[in-house]
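Build me a structure from this.
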Amino acid sequence: MDIASVIGLSLGAFLLLFGTLQAGLSPLDLLNIPSVFITFGGATAATMLSQPWEGTLALGKITQKAFKAPKFDLPNLITTLVSFSEKARREGLLALEDDINELPEEFLRKGIQLVVDGTDPELVRNIMETEIDNVAKRHLNGRSWWDSFGGLAPGFGMLGTLIGLIAMLNNLGGGDPSAIGSGMAAALITTLYGSLGANLVAIPFVRKLTRRSEDELLIKQVMVEGTLSIQSGDNPRIVKEKLASFLAPVDRTQLKEEEG
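Residues are numbered from 1 along each chain as shown. Now for the predicted structure:
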């Protein structure tokens, strides 16, 4: 579980509630069922219209990734690749065949298998980088649902506000001045809903999913460079230094500690 996502969403909802109470309002004052239908229902319908049906069906699975902490261990991956480099230099590339099935990452297994099979290095790079590009496209398509929702929700909030203003103006003929205040409040609630849906939910989800994608693609790029270094017979120390350049300074320290 990604504690940052849970805390961020919970804290945002709490502060909104706290601010409402401090303003002298009841949470029920912000509840307006027609506004919910217009803003969230309309934005959802328009997003479904703009996205393939498969994207809507996969929404739950994709959204879960924003709340799941990544399991990537880049220092451990580098250590594994360096050990493969040492073994390949000592016993030959064919000696790695026994270790391929023990690798947890299918992408890395495929790369090492290509190396063991004697595939041309340029072809190995092309195959692995093509897969990386396809993964990036799938990630982009996956988060595009929330991206569309975040762009559409404020617009439907404004649309609901216009509908509320029209209803308020229609009621002015009744001669009740209090209807103006209550009508204006109901009209503005839809704008609130649209801004809330975009800025507290959709946009943060898109940014978190983008970060998840960047982290995964970085891992795969390390696998590509490590695999090609093993194939070319680079010195294990050079392999370690090359791959350590992908790490933040604190992680490089962890890598040295693991070696120790």
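
by contact count, what packs against the helix or strand hosting Asn134?
Take DSSP states H and E as the rule and Asn134 turns out to sit in helix 121-170. If you count contacts as 3 or more Cβ pairs under 8 Å, 6 or more residues apart in numbering; DSSP states H and E, helix 121-170 packs onto helix 33-36, helix 42-50, helix 53-57, helix 59-64, helix 106-116, helix 178-196, helix 203-232. Glycine gets a C-beta too; all of them are placed from N, C-alpha and C.

quick one, that helix and helix 106-116 angle?
Using axes from the mean of the first three to the mean of the last three Cα atoms, to 10 degrees, the direction of helix 121-170 lies 160 degrees away from that of helix 106-116.

from the chain's centre, how far out does helix 121-170 sit?
Centroid separation between helix 121-170 and its chain, computed with Cα atoms, centre = their mean, to the nearest Å, is 12 Å.

now it: mean pLDDT?
Throughout helix 121-170, pLDDT has a mean value of 91.

Could you do stretch 210-229 as well?
pLDDT averaged over stretch 210-229 gives 92.

Give me the contact list for that stretch.
For stretch 210-229, contacts defined as Cβ atoms under 8 Å, 6 or more residues apart in numbering pick out 65-66, 70, 72, 74, 77-78, 81, 84-85, 105, 107-108, 111-112, 114-115, 121, 124-125, 128-129, 131-132, 135-136, 139-140, 143, 238-239, 242-243, 246.

thinking again about what came up before, mind putting the helices and strands packed on helix 121-170 in CSV, distance to Glu97 and mean neighbour count included?
Shown next, in CSV, are the helices and strands packed on helix 121-170 (distance: least, Cβ to Cβ, whole Å; neighbours: other Cβ atoms under 10 Å):
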stretch, distance to Glu97, mean neighbour count
helix 33-36, 59, 16
helix 42-50, 48, 17
helix 53-57, 37, 11
helix 59-64, 34, 13
helix 106-116, 5, 19
helix 178-196, 55, 18
helix 203-232, 13, 19
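
Need those in JSON lines (columns: distance to Leu165).
What follows is the helices and strands packed on helix 121-170, written out as JSON lines (distance: least, Cβ to Cβ, whole Å):
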{"stretch": "helix 33-36", "distance to Leu165": "13"}
{"stretch": "helix 42-50", "distance to Leu165": "17"}
{"stretch": "helix 53-57", "distance to Leu165": "32"}
{"stretch": "helix 59-64", "distance to Leu165": "32"}
{"stretch": "helix 106-116", "distance to Leu165": "55"}
{"stretch": "helix 178-196", "distance to Leu165": "5"}
{"stretch": "helix 203-232", "distance to Leu165": "27"}
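
Ranked by average pLDDT, which of these falls at the bottom?
Looking at the helices and strands packed on helix 121-170, the bottom one is helix 178-196 with a mean of 80.

returning to what we had before: in ChimeraX, how would I select just the buried ones from the contacts of stretch 210-229?
Selection of buried members from the contacts of stretch 210-229 for ChimeraX, criterion 16 or more other Cβ atoms under 10 Å:
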select :65,66,74,77,78,81,84,85,107,108,111,112,114,115,124,125,128,131,132,139,143,239,242,243,246
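
And the helices and strands packed on helix 121-170: which comes nearest Gly8?
helix 203-232 (6.7 Å; Cβ to Cβ).

how much space between Phe37 and Thr190?
The gap separating Phe37 from Thr190 is 10 Å, by Cβ to Cβ, to the nearest Å.

quick one on the thing from earlier: of all the helices and strands packed on helix 121-170, which lies closest to Arg90?
helix 203-232 (12.0 Å).

Show me what secondary structure element comes after the closest one.
helix 236-244.

So which elements touch that next one?
Checked by 3+ Cβ pairs under 8 Å, 6+ apart, helix 236-244 has helix 74-91, helix 203-232, helix 249-259 packed alongside it.

want to try JSON lines for those helices, with distance to Ser5 as columns?
Output for these, formatted as JSON lines (distance: least, Cβ to Cβ, whole Å):
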{"stretch": "helix 74-91", "distance to Ser5": "21"}
{"stretch": "helix 203-232", "distance to Ser5": "6"}
{"stretch": "helix 249-259", "distance to Ser5": "22"}
